[in-house]
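Asks: coords please:
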Amino acid sequence: MLNKFTIIGLIIGSIISILGASSMINSFSAPNEIQEDSATFGIGDLDKIKFNSPENSSQSLTVTGDSFDVKIT
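Replies: The predicted structure follows:
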């Protein structure tokens, strides 16, 4: 028969493994969305980009050019 601490450890380890596996499956089914915009704008022109993201998640915005002004609202 197993010790009570061994059983508790197995239960906690199983829960952690299930959480990790579900996170891995979720990341495969909902990959990062990459939105590319290759439009060229003149001096003073604006472009608005909207994207949906979950709260408390990591977002990144890469802007390539000679100069830019990014305002996130």
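Asks: where does the prediction get shaky in this structure?
Replies: 31-41, 43-50, 60-73 (pLDDT under 70).
Asks: ok, which stretches of it are helices?
Replies: Under the criterion DSSP state H, helices of the chain are mapped to 4-29.
Asks: kindly provide the distance from residue 25 to residue 17.
Replies: Distance, residue 25 to residue 17, using C-beta to C-beta, to the nearest Å: 13 Å. Every residue, glycine included, has its C-beta placed from N, CA and C.
Asks: right, I mislabeled it, should have said residue 55
Replies: Distance from residue 55 to residue 17, by C-beta to C-beta: 27 Å.
Asks: contacts for stretch 2-19 next, please.
Replies: Here stretch 2-19 makes contact (C-beta atoms under 8 Å, 6 or more residues apart in numbering) with no residue beyond itself.
Asks: going forward, the N-terminal residue is numbered 682.
Replies: All right, first residue 682 from here; so that's stretch 683-700.
Asks: how about the CA coordinates for that stretch, as CSV?
Replies: Only the C-alpha atoms of stretch 683-700 are listed here, as CSV (Å, rounded to 0.1, in the frame of the first residue of the first chain):
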residue,chain,number,x,y,z
LEU,A,683,1.2,3.5,-0.8
ASN,A,684,2.0,6.1,1.8
LYS,A,685,-0.5,9.0,2.1
PHE,A,686,2.2,11.5,1.0
THR,A,687,2.9,9.4,-2.1
ILE,A,688,-0.7,9.5,-3.0
ILE,A,689,-1.0,13.2,-2.5
GLY,A,690,2.2,13.7,-4.6
LEU,A,691,0.8,11.6,-7.4
ILE,A,692,-2.5,13.5,-7.4
ILE,A,693,-0.7,16.9,-7.4
GLY,A,694,1.7,15.7,-10.1
SER,A,695,-1.1,14.4,-12.2
ILE,A,696,-3.0,17.8,-12.0
ILE,A,697,0.2,19.7,-13.0
SER,A,698,0.8,17.3,-15.9
ILE,A,699,-2.8,17.7,-17.1
LEU,A,700,-2.6,21.5,-17.0
